[in-house]
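just coords:
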């Protein structure tokens, strides 16, 4: 007799796992037919899920022999079955035993055991147990074949199911979230705080460099305004250099930000690719399950055919077949619904994959754009570095020129200071003369308010004339003295005015000469350096030519024959003079040519310098315009990128919230269904154990009656008024008086 235990392991169910991650041969619990169809919607959905899982087990045709937790009642039942398999009954002692032994056995074929899961019904083959026709070997062989088939199914390569992920402790629900509800940390919403960069602008800053100690003795020590004017060239160049450094720092920071954005975009692309692979794996699992369901449908049809062929007239079997047919119909309906759900899930997965591919393409395009921008900015930085080097060179040249100009302009500045002092002295003398005239006018009671210098003199003359007319008797000496004083004052005034005009004209001329000298000194110095180098070269050439001439003369003197008559000294001296004159003329021509060449080179260098200055000014204007445009474009692009990232973060947060809600609802429903299934199967197991115990007791009683016979009452005079104690003793003796024996007991 085969041993049956509870074939529906419920302790191996994992709560919170995804539906796509569930194993293929998992054995769920069957549903009861007697359940009411008028329950709530949740109960109806749970019944459909349970029926679908039953049909999978029916299609497999075997029970999963996986490990399960067996209750103590099941262990006791297995021990009782083992003891019963060792029993032997001598049927010869009873009437009709031979006919029941083997010849008069029922001719009906053995009914095949049901291939669906669940405990065996003891009432189905009770007559075979009683008559002894139940073939234990065949039943054991069938059970072994079923186990071998299950092992072969287990050995087949199953569709790869994704491993369950380990979620962090903060994301777990009561039954853990489903498989596909996780999200990487770099896509979670995080608040980004922008760094406030402090910029240092050097515009409109005038630095005053301390004057050299050599100028302390000059009369321009206290003139701070001229020192500021001289240092403006330094400050402008320093300001430009600082601006270029600041622009380079800003470009470096922008490039670093772009690199960080590239890294984050690459991480997002890798995550999207991983999710796409996971979704494709799930889709392949779903397709594999669809194929398995098709195989299950074929097996169900085969089972239907077998059931139709093996239908017996037994009413009990007919009832069971009807129940099975109803369950099969329910399972088919649930399979249809499951197919529809799978089709919907496939469509959704395809839509998700297309959307993710689109996102990947967009991200690739953005990455290419960022790379192009980074390369352009690197080129711009290289150009800026070259321009900075050129600016440094120009700055060094300007420093040299400014130093030379300062040394040249020192005497001119001293002359200007002396002229200014003379002008101030003349002004002070004019003021003193005016004051003296005003004092004389006040002494003579003449009003001077609002009158000029000439008007005051005219009023004095009129006063003198009036006095001459009124006082003709006054002394002529006083009038003459006054006239002489007036004439002297007028002469001094005219002289001071002329001196003032001359000083002003000379001061203007000196300023013009200073400006011209400052403009020309730079070019003159460069040309002087070139001329000096050229003169050194010419001197070296002259020295080499003279040495060569001397060597030639010495060679000629040595090569001349000694017997040659000596020419008169006058001829040799004349030849030497002619040679020297020719050399001098040649040298003069060479000097004239060199001077002409120097003048042409000087003019060319001046024109080149002017063209370079104009080009540098144009380049500076272009650089300023480019900087302004770059700043505006970078600000606009940064704002657009920030807004796009914020919108993406909001979308991801909304999807996460929806996924968390759905996972919590699925967990609640699964826990409710599992609790209900556990309670139902505990009730069924208890009922089966009670029925089994009753049937075993009835079987033992029947065997005892067949072996020993019924207990006969000897006396008919015994009345029904027996005490309760006697009834209990009779019942005890009836139970203990069962006439079965073990087959190994030796009978006397």
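Nice, I can see it. Remember, predicted model here, so these are calculated numbers, not experimental data. Residues are numbered from 1 along each chain as shown.

okay, CA-based contacts and neighbour counts for the rest of this
Noted.

And the helices in this protein, which stretches?
Using DSSP state H, the helices found in the chain span residues 41-60, 72-85, 97-98, 126-131, 136-155, 224-309, 315-443, 453-470, 476-559, 569-708, 724-736.

Can you tell me which of those is packed in deepest?
Among these, helix 41-60 has the highest mean neighbour count (mean count of other C-alpha atoms under 10 Å), at a mean of 20.

could you give the mean pLDDT of that one?
Mean per-residue pLDDT for helix 41-60: 49.

Same question for stretch 265-277.
The average pLDDT for stretch 265-277 rounds to 86.

Kindly report the same for stretch 394-414.
Averaged over stretch 394-414, pLDDT sits at 79.

Could you identify which of the helices of the chain has the lowest mean pLDDT?
Of all the helices of the chain, mean pLDDT reaches its minimum on helix 97-98 (a mean of 44).

where's residue 244 relative to residue 650, distance?
According to C-alpha to C-alpha, to the nearest Å, residue 244 stands 40 Å off from residue 650.

nope, residue 665 is what I was after
23 Å.

Kindly report the same for residue 234.
54 Å.

cool, residue 258 as well?
Distance from residue 258 to residue 650, counting by C-alpha to C-alpha: 22 Å.

Likewise for residue 548?
94 Å.

same deal with residue 679?
44 Å.

Same question for residue 363.
18 Å.

same check, this time on residue 605
Residue 605 is 66 Å from residue 650, by C-alpha to C-alpha.

now do residue 686
55 Å.

Repeat that for residue 251.
31 Å.

before we move on, what about residue 357?
According to C-alpha to C-alpha, residue 357 stands 21 Å off from residue 650.

Please apply the same query to residue 245.
For residue 245, the distance to residue 650 - C-alpha to C-alpha - is 39 Å.

got it, and residue 306?
Plainly put, residue 306 is 59 Å away from residue 650 if you go by C-alpha to C-alpha.

do residue 246 as well
Residue 246 is 36 Å from residue 650, by C-alpha to C-alpha.

next one: residue 533
Using C-alpha to C-alpha, residue 533 is found at 75 Å from residue 650.

Give me the nearest residue to residue 356, chain neighbours excluded.
residue 272 (6.7 Å; C-alpha to C-alpha, 6 or more residues apart in numbering).

thought the one you found was touching residue 360?
Yes - using C-alpha atoms under 8 Å, residue 272 is in contact with residue 360, at 7.4 Å.

residues contacting residue 595?
Not one residue lies near residue 595 by C-alpha atoms under 8 Å, 6 or more residues apart in numbering.

Quick check: it vs residue 608, distance?
For residue 595, the distance to residue 608 equals 20 Å [C-alpha to C-alpha].

and if you look at residue 261?
Separation of residue 261 from residue 608 (C-alpha to C-alpha): 47 Å.

try residue 287
Counting by C-alpha to C-alpha, the gap from residue 287 to residue 608 is 81 Å.
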